[in-house]
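Visitor: sequence first, then the predicted structure, then my questions.
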Amino acid sequence: MLYQLLSILAFFSMIVASFALGRPIVRGLGVGHEDRLSAFVWGMALGLIATGMLLLGLGMVGLLYVPVIALLTATACAWALVDIVRRCARFGLPESLTVEQLSAEELAEWPPAPVAPPAVWLLWGILAAAAVACLGSLVGALAPPTAGDALCYHLELPKTFLLEHRIAALPYHDNATFPLLTEMLYLWGLALGGGVCAQLVHWGLGLLLAGATVVLATPILGRPWACVAGAVVVLTPGVNNQMTAPMNDVALAVFSALTLAAWWKAINGDENRRWFVVAGLAAGGALGTKYVALLLVAAIGATWLWAVLLRPRRRRLLIEGAAVAAVVAVSVGGPWYVRAAWYRGNPVFPFFSEVFADDGAPAPERGTLPASKSPLGRGPMAMAVAPWQITMHPERFGGRGHQLGVILLAALPGLLFCRRLRGLGTLLAVSSVYGVLWFLLRQNVRFLFPVVPPLCVATVWVWIELRRLRPTARWTAAAVFSAVVLAMVAVPLRRSRNQLAVAIGVEDRGDYLVRSEPTWPAAAVANELFSDDAHLLSQDYRGFHFNCRVTRENVYRRYTHYDREISDPAELARRLREAGFTHLLLAENLAAEGAAFDPTLGRLIDAQLATATAEELLTLTDYRYHDCDGGERHYRLVVLREQPRAE
């Protein structure tokens, strides 16, 4: 339990430090002061972007040391505390406000709501449901990290950067030159509090996504209904599930929602042109998080062109504002693409490698997208059934863990019968263009997360319009939606059952990992026996729990073709030692389904074990791991020993 408490403490220090960096940016721009929630959301988001850029700068000059990061964090926290004391001394201690006083003072700055606010029981009921769902995901976030993508990429890269004290190129790691803004925040969490702290970062980003959705929806629906939209976002199964693991799709959704919120204010509501700067900052954060943000930028660009054509009186404003936003976005997110172009010859490596001249190394994806990347196929009929397919069969589009839930699907037909609502058309236009691009390029359900906030705003508008129905139909629809919401609350609670014991400290962290993470038994042995300069060549992608440097065997083989250069099996260990490797992790899937491991290295090892040089290979641990879905894996951790040769 002490480990979790220290991680929570480190997480809160990150919140304070981020807000300390972001708040002066918000004040300097003179935006985002509509109310306390808006000020906090904008301050946190811009502070996180600034922190990521700062850590990128430290990594480029080789200063990623834990003491340096801790000192900078403590300085930012102290700055925040001094600012609080100074403001209290100047203006006095803030008085506690009732809900009525808060509404009188802050709601006066909000635009008038188009409809009456929701009933009190409805508002507090859905907020309570969202809070329970977030508590369920918090239990999962407090458990040691076991998510596959996190252990092979989102956490493994920051761990490696900390070991190297710099943002290294890592030529045998395909993800090393991706946009890594969110991974910089995980690096921050690892430096201060370990893997659980990093997971709490993404959980906190889920809460920030709810706040960003409220900020996005407030000028369109009014604050009370905007809060309902924020609650629906965190109730979305895929979003809530990702809040338990350090990935980057929720982070992308945060910056995407704030990009839309700032862009909407700039072109529809607020005459303050500084909102274009804020939109550029948020878009830069999205571009620095994931390549998918390019689709969002393209969708916003398409709606911008339409606005330029339809609004001749605001044409100059739109053109100048777009130029400002583009320059700011490229300045913030561009360094990641420049880095990829420098090391790979391709700013969006490994995509479109047939277009860009690269360094000659084979890329994992070339040519047209394989069928597995576009399970819907192409054509108008496939596009028409896409909402149903991705909702009811998410396992075909990246997994059930990322599903969007049936609420968004159920509300979609209702939009055809709703009245027009000022501002909602802009969000739906961006979402529609984004959806078409998603359909044409990469059909993965989690890549739709950037449009979940605007779709939740549209869903709430459908709920509002249900008031126009007759009482019987209205209450029937309300009962159905209520049942769906209760089911969405039950999902994170049920999912967290396996993590509850370790999250509250009843179960030992090692015992939990033994039954939940297939590479942990090997990692525990390696961390106990390996020296600081150990280098592991692994058939399994999961490398986070190893305290040494890890290289993926399949990527190394794809780049070097070492297996083709070994004609004598007895030479394998020597050749790998000469390449700098000290240990091997062999993985084999014994089941028909599940993770697939290329058998090349295992076959070569078995061939050498049958020769006279078998003593150069020493097995440290050999075990089988049984997956929760019934699969079985076989792991071997092997030392490459150097034997003295006779004269």
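Guide: Yep, that arrived.
Visitor: now for the lengthiest helix in the chain, which elements pack on it?
Guide: For the chain, the longest helix by residue count, based on DSSP state H, is helix 315-344. Where contact means 3 or more C-beta pairs under 8 Å, 6 or more residues apart in numbering; DSSP states H and E, helix 315-344 is packed against helix 36-60, helix 274-287, helix 293-310. Every residue, glycine included, has its C-beta placed from N, CA and C.
Visitor: pick the most buried one from the ones you listed.
Guide: Mean neighbour count (mean count of other C-beta atoms under 10 Å) peaks for helix 274-287 among the helices and strands packed on helix 315-344, with a mean of 26.
Visitor: how far away from the center of its chain is stretch 167-185?
Guide: Taking C-alpha atoms, centre = their mean, to the nearest Å, one finds stretch 167-185 lying 14 Å from the centre of the chain it belongs to.
Visitor: brain fart, stretch 189-204
Guide: So, by C-alpha atoms, centre = their mean, the centroid of stretch 189-204 is 13 Å from its chain's centroid.
Visitor: how about stretch 129-140?
Guide: Centroid separation for stretch 129-140 versus its chain: 18 Å, with C-alpha atoms, centre = their mean.
Visitor: give me the contacts around the strand or helix carrying Tyr635.
Guide: Applying DSSP states H and E as the criterion places Tyr635 in strand 632-640. By C-beta atoms under 8 Å, 6 or more residues apart in numbering, the surrounding residues in contact with strand 632-640 are 518-519, 521-522, 525-526, 540, 573, 576-577, 581-591, 594-595, 605, 616-627.
Visitor: the strands in the stretch 451-600 of the chain, which residues?
Guide: 535-538, 549-552, 583-589 (DSSP state E, counting those that start in this stretch).
Visitor: what strands line up against the first one, and which way round?
Guide: Read it as strand 535-538. If you go by DSSP bridges, strand 535-538 pairs up with strand 549-552 (parallel), strand 583-589 (parallel).
Visitor: output that strand as CSV, nothing but the C-alphas.
Guide: The C-alpha trace of strand 535-538 is given here as CSV (Å, rounded to 0.1, in the frame of the first residue of the first chain):
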residue,chain,number,x,y,z
HIS,A,535,21.5,-6.2,-23.1
LEU,A,536,18.6,-8.5,-23.7
LEU,A,537,17.4,-9.7,-27.2
SER,A,538,13.8,-10.6,-26.7
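Visitor: Ala595 contacts Tyr625, correct?
Guide: No. Ala595 is beyond contact range of Tyr625, at 10.6 Å (criterion: C-beta atoms under 8 Å).
Visitor: residue nearest the centroid of the chain?
Guide: Asn248 (1.2 Å; C-alpha atoms, centre = their mean).
Visitor: was I right about it contacting Val292?
Guide: No. If you go by C-beta under 8 Å, Asn248 and Val292 don't touch, sitting 9.5 Å apart.
Visitor: hang on, the earlier thing: okay, Ala595 and Tyr625: which has more neighbours?
Guide: Tyr625 (19 against 15; other C-beta atoms under 10 Å).
Visitor: now that one: how far from Ala587?
Guide: Separation of Tyr625 from Ala587 (C-beta to C-beta, to the nearest Å) stands at 9 Å.
Visitor: low-confidence regions, the chain specifically.
Guide: By pLDDT under 70, the weakly predicted segments of the chain are 1, 88-114, 269-272, 354-355, 357-372, 592, 594, 629, 643-647.
Visitor: what would the helices and strands packed on helix 315-344 look like in a markdown table with distance to Pro413?
Guide: Output for the helices and strands packed on helix 315-344, formatted as a markdown table (distance: least, C-beta to C-beta, whole Å):
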| stretch | distance to Pro413 |
| --- | --- |
| helix 36-60 | 32 |
| helix 274-287 | 30 |
| helix 293-310 | 22 |
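Visitor: out of those, nearest to Ala210?
Guide: helix 36-60 (9.4 Å; C-beta to C-beta).
Visitor: how far off helix 315-344 does the closest one point, in degrees?
Guide: Going by axes from the mean of the first three to the mean of the last three C-alpha atoms, to 10 degrees, helix 36-60 is angled at 30 degrees with respect to helix 315-344.
Visitor: starting at the chain centroid, how far to the helix or strand just after helix 36-60?
Guide: Later in the chain than helix 36-60, the nearest helix or strand by DSSP H and E is helix 66-91. Centre-to-centre, helix 66-91 and its host chain are 28 Å apart (C-alpha atoms, centre = their mean).
Visitor: helix 66-91: which residues count as buried?
Guide: Ile69, Leu72, Thr73, Ala76, Cys77, Trp79, Ala80 (16 or more other C-beta atoms under 10 Å).
Visitor: elements contacting it?
Guide: With contacts taken as 3+ C-beta pairs under 8 Å, 6+ apart, helix 66-91 sits against helix 2-29, helix 36-60, helix 181-193.
Visitor: how about Ser7, what does it touch?
Guide: Leu142, Gly193, Gly194, Val196, Cys197, Leu200.
Visitor: ok, now with 6 Å
Guide: Applying C-beta atoms under 6 Å, 6 or more residues apart in numbering, we find Ser7 in contact with Gly193, Val196, Cys197.
Visitor: would you map the helices across the stretch 151-300 of the chain?
Guide: Taking DSSP state H, counting those that start in this stretch as the criterion, the stretch 151-300 of the chain carries its helices at 156-164, 181-193, 195-221, 223-235, 237-242, 249-264, 274-287, 293-310.
Visitor: what number of residues lie near Arg470?
Guide: Neighbour count of Arg470, defined by other C-beta under 10 Å: 8.
Visitor: circling back: okay, the helices and strands packed on helix 66-91 in JSON lines with distance to Ala534 next?
Guide: Listed next are the helices and strands packed on helix 66-91 as JSON lines, based on distance: least, C-beta to C-beta, whole Å:
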{"stretch": "helix 2-29", "distance to Ala534": "25"}
{"stretch": "helix 36-60", "distance to Ala534": "23"}
{"stretch": "helix 181-193", "distance to Ala534": "19"}
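Visitor: sec struct for Thr611, please.
Guide: Recorded secondary structure, Thr611: coil (DSSP: H, G, I helix; E, B strand; the rest coil).
Visitor: keeping just the C-alphas, turn stretch 346-357 into CSV.
Guide: This file holds the C-alpha atoms of stretch 346-357, laid out as CSV (Å, rounded to 0.1, in the frame of the first residue of the first chain):
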residue,chain,number,x,y,z
ASN,A,346,10.3,9.7,-43.1
PRO,A,347,8.5,12.2,-40.9
VAL,A,348,5.6,9.7,-40.4
PHE,A,349,7.6,6.5,-40.2
PRO,A,350,6.7,3.7,-40.7
PHE,A,351,3.7,4.9,-42.7
PHE,A,352,4.0,5.9,-46.4
SER,A,353,7.5,4.5,-46.5
GLU,A,354,7.0,3.9,-50.2
VAL,A,355,6.7,7.6,-50.7
PHE,A,356,9.5,8.9,-48.5
ALA,A,357,13.1,8.0,-49.2
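Visitor: which parts of it are buried?
Guide: Residues Asn346, Pro347, Val348, Phe349, Pro350, Phe351, Ser353, Phe356 are the ones in stretch 346-357 that count as buried (16+ other C-beta under 10 Å).
Visitor: one more: stretch 555-562?
Guide: For stretch 555-562, burial by neighbour count (16+ other C-beta under 10 Å) applies to Val555, Tyr556, Arg557, Arg558, Tyr562.
Visitor: contacts only, for the first one.
Guide: The contact partners of Val555, by C-beta under 6 Å, 6+ apart, come to Tyr172, Asp174.
Visitor: that older thread, find residues that contact each of Ala595 and Tyr625.
Guide: Counting by C-beta under 6 Å, 6+ apart, Ala595 and Tyr625 have no contacts in common.
Visitor: got the phi and psi for Gln443?
Guide: For Gln443, the backbone dihedrals (degrees, to the nearest 10) come out as phi -90, psi 80.
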